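Colleague: pasting a predicted model and its sequence here:
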Amino acid sequence: MGPRAFRVALIKPSHYDDDGYVIQWRRSYIPSNSLASVYGLVAACGRERVLGTAVNIEIEVCDECNTIVDVRAVAKRIGAAGGGMVGLIGVQSNQFPRALDLGRQFRALGVPVVLGGFHVSGCLAMLPKMPAEMQEALDLGIHLFAGEAEGHMADVLRDVAAGTAKPVYNYMDSMPELAGAIAPILPRDVVTLVATQYSSFDAGRGCPFQCSFCTIINVQGRKSRYRSADDVEAIVRANAAQGITRFFITDDNFARNRNWEPILDRLIDLRERENFQIRLILQVDTLCHRIPNFIEKAGRAGCAFVFIGLENINPESLMGTKKRQNKIWEYREMLLAWRRHGVITYAGYILGFPTDTPETIARDIDIIKSELPVDLLEFFCLTPLPGSEDHQKLHARGVPMDPDMNNYDLEHACTGHPLMSKETWTKVYADAWRQYYSDEHVETIMRRAVATRLNRSKLLNLLTIFSGSVQIEGVHPLQFGFVRRKVRTQRRYGMPIAHPLVFYPWRVVEFGKALACWLTLYLRYYRMLERIKKDRAASSYVDEALRSHSGLGEVDKLVEAFADKIPHTHGAPVRLAVAAHSATISAPMSAAV
């Protein structure tokens, strides 16, 4: 007998919009590292012939954010190969309903399905019993996988091929070392479906901090594990061989990777000696500017964008979620340090802390606009994600939470708030985007970029996306893509399928309106930037946010606003801030006397 085939279809599910349609684009915006990691592991199993020398492992891979999944066609290819399985990869909580629907369809066609990702891992790590949606998956015959797949992929493939797969594979107690581990990689034709043509890899996993809203520390652990500089170079060279040199390094906090310096040195060497056109997106904490040479070397290594977990400017809110590492009095200097090296900054900002009200949120956003030189601010609702400490505590106390996992996308209010109704919280989220991306502030961001020589064209595109994605497409920028797709028959399980004579005219009108809005927004911003560039004074523009603090008794207005809430921690300017705050109060009183 000749070689047989075992076909593995790896699918990264998307999730549903509020109308029940899959959020999907012709070109998506963010690459999937989970997909790259599992593809690399399955490909290695194929090379090692783990199913026997007479079995070829064939792989097809897709990210549903940019590829329509034809369930019947996938099942037919698996059947034609003589056997195989579907892997639903990297499934987050908001993607679980879509993953369940895909799994339901594949199981109806007799195809084995294995589902893994942060939702399964987080729930098994933090909850006392199997939640209802995961039990539903088991009842459908879907196999669940928790933990990291390094060292375990071959066992799963063998079990599925033999028809002896376990209902649950739980490897949460097995945290593999990353040094020398199999590299994450995706074929070029998959990477190019990402509009920016960024691929991704993790240089480390785990995080030492204790943020109560975070799932990473409970899924990947608080003990960090790292790839070596040799590992990273091998990943870059393997991708460069197929023309991919842009990377999103998905470490939750690359600045705490103990190998950051040898990794950046290696990337610098590849860029400066071998002319690799490397571009990086990094994620870091708000203290990275304290690390000698970190930002300078990140810039030289090709870092073009950096995501920073600012989270909030109210120390009381930060302390309440154990985000003790964020020092608001250092925010400006940290952001200016990145700007000096030409790096565009993204910052995450959470809405819905217990003391938040519509008035305090609006006030704080205005403070950020005037005091901090951040380029792109992206808003999230404080969400008790399954796998986080917040979710575990609310679950244990029996506090009501939204039972629909599709809403756990950081854009919906999923539990109660002491000071805001669900409707108010929803409105605050929408208002925050409009407030920050007002035309007036967009112009300020552009003026700062021109004065400090940031990449203007990239910033123009990003401002358009971040300003328009929520208001035009109804999705967060991190879920954005180019040219929205809606497949009539791919609607959430249990929701009615629209008649073609209703659906297609509606889609034509909807698409036309969205296109007109995007063109109008882009042209408005383009003309704004051109006007600024022609301004002879543009290069000398300066505002409060671009000024470094002298430290010579100068009052930091951001610190002053929260003087009574700054904790008594090492380095905190409590006394100076309180004194300045008291002075501003007493001065009017003295004048009145």
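Modeller: Arrived safely, thanks for sending. Numbers count the residues shown, from 1 in each chain.
Colleague: alpha carbons only for contacts and neighbour counts from here, please
Modeller: Noted.
Colleague: count of neighbours near R26?
Modeller: When neighbours are counted by other Cα atoms under 10 Å, R26 registers 16.
Colleague: likewise for the one 3 residues further on?
Modeller: Applying other Cα under 10 Å, we find 20 residues neighbouring Y29.
Colleague: tell me how far the residue nearest to T424 when sequence neighbours are not counted lies from V374.
Modeller: Distance criterion Cα to Cα, 6 or more residues apart in numbering; nearest residue to T424, sequence neighbours excluded, is P358 at 7.7 Å. Using Cα to Cα, to the nearest Å, we find P358 at a distance of 22 Å from V374.
Colleague: hang on, the earlier thing: now do the contacts for the residue nearest to T424.
Modeller: Applying Cα atoms under 8 Å, 6 or more residues apart in numbering to P358 gives the contacts T424, W425, V428.
Colleague: any quick ChimeraX command for the buried ones out of the residues you listed?
Modeller: Those of the contacts of P358 that count as buried under 16 or more other Cα atoms under 10 Å are selected in ChimeraX with:
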select :425,428
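Colleague: need the contacts of P358 in a markdown table with pLDDT and distance to I368, can you?
Modeller: As requested, the contacts of P358 are exported to a markdown table (pLDDT from 0 to 100; distance: Cα to Cα, whole Å):
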| residue | pLDDT | distance to I368 |
| --- | --- | --- |
| T424 | 97 | 22 |
| W425 | 97 | 20 |
| V428 | 97 | 16 |
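Colleague: and the contacts of P358, which is closest to G163?
Modeller: Nearest to G163 among these is W425, at 48.5 Å by Cα to Cα.
Colleague: what's the closest non-adjacent residue to that closest one?
Modeller: A413 is the one closest to W425 (Cα to Cα, 6+ apart), at 6.7 Å.
Colleague: got it, and G302?
Modeller: R279 (4.6 Å).
Colleague: dump the residue contacts of the closest residue to M175 other than its chain neighbours.
Modeller: Distances taken as Cα to Cα, 6+ apart place E148 nearest to M175, at 6.9 Å, with adjacent residues excluded. E148 makes contact with Y171, M172, S174, M175, P176 under the criterion Cα under 8 Å, 6+ apart.
Colleague: closest to N94 out of these?
Modeller: For the contacts of E148, the closest approach to N94 (Cα to Cα) belongs to M172, at 20.9 Å.
Colleague: so that closest one sits in a strand?
Modeller: No - with DSSP: H, G, I helix; E, B strand; the rest coil as the criterion, M172 is assigned coil and is not in a strand.
Colleague: quick one: it and G122 touch, right?
Modeller: No - the pair M172 / G122 is not scored as a contact, 9.2 Å apart, by Cα atoms under 8 Å.
Colleague: the more surrounded of these two?
Modeller: The neighbour comparison of M172 against G122 (other Cα under 10 Å) goes to G122, with 26 against 18.
Colleague: measure the closest residue to that one other than its chain neighbours to L394 for me?
Modeller: With sequence-adjacent residues excluded and distances taken as Cα to Cα, 6+ apart, G122 is closest to G387, at 3.6 Å. Separation of G387 from L394 (Cα to Cα): 12 Å.
Colleague: now swap in Q105 and tell me
Modeller: Distance, Q105 to L394, using Cα to Cα: 33 Å.
Colleague: do E560 as well
Modeller: 34 Å.
Colleague: mind listing what's buried along the helix or strand encompassing Y504?
Modeller: Using DSSP states H and E, the element containing Y504 is helix 500-534. Within helix 500-534, the residues scored as buried using 16+ other Cα under 10 Å are F511, A514, W518, L521, Y522, Y525, Y526, M528, L529, I532, K533.
Colleague: now those as CSV including pLDDT and distance to L88?
Modeller: Output for those, formatted as CSV (pLDDT from 0 to 100; distance: Cα to Cα, whole Å):
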residue, pLDDT, distance to L88
F511, 97, 30
A514, 97, 31
W518, 98, 33
L521, 98, 37
Y522, 98, 36
Y525, 98, 40
Y526, 98, 41
M528, 98, 44
L529, 98, 43
I532, 97, 48
K533, 96, 48
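Colleague: need those residues in a markdown table with distance to M495, can you?
Modeller: A markdown table is the format used below for those (distance: Cα to Cα, whole Å):
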| residue | distance to M495 |
| --- | --- |
| F511 | 22 |
| A514 | 24 |
| W518 | 29 |
| L521 | 33 |
| Y522 | 35 |
| Y525 | 39 |
| Y526 | 41 |
| M528 | 44 |
| L529 | 45 |
| I532 | 49 |
| K533 | 51 |
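Colleague: widest-spaced pair of those residues?
Modeller: F511 and K533 (32.8 Å).
Colleague: so what touches stretch 334-344?
Modeller: Stretch 334-344 is contacted by residues 286-289, 295-296, 299, 303-306, 345, 372-375, 452-455, 459, 546, 548 when judged by Cα under 8 Å, 6+ apart.
Colleague: quick one: mean pLDDT for stretch 105-125?
Modeller: Per-residue pLDDT values across stretch 105-125 average out to 97.
Colleague: just checking the distance from that stretch to the centre of its chain.
Modeller: With Cα atoms, centre = their mean, to the nearest Å as the basis, stretch 105-125 stands 22 Å off its chain's centre.
Colleague: span of it from start to end?
Modeller: Start-to-end span of stretch 105-125 (Cα to Cα) is 28 Å.
Colleague: and it, which residues are buried?
Modeller: Buried residues in stretch 105-125, counted by 16+ other Cα under 10 Å: 105-107, 111-125.
Colleague: off-centre distance for stretch 195-208?
Modeller: From the chain centre to the centre of stretch 195-208 is a distance of 10 Å (Cα atoms, centre = their mean).
Colleague: also stretch 283-296?
Modeller: With Cα atoms, centre = their mean, you get 20 Å for stretch 283-296.
Colleague: try stretch 383-403
Modeller: With Cα atoms, centre = their mean, you get 21 Å for stretch 383-403.
Colleague: quick one: contacts of it?
Modeller: Counting by Cα under 8 Å, 6+ apart, 93, 118-119, 121-127, 212-215, 218-219, 408, 410, 412-416 sit against stretch 383-403.
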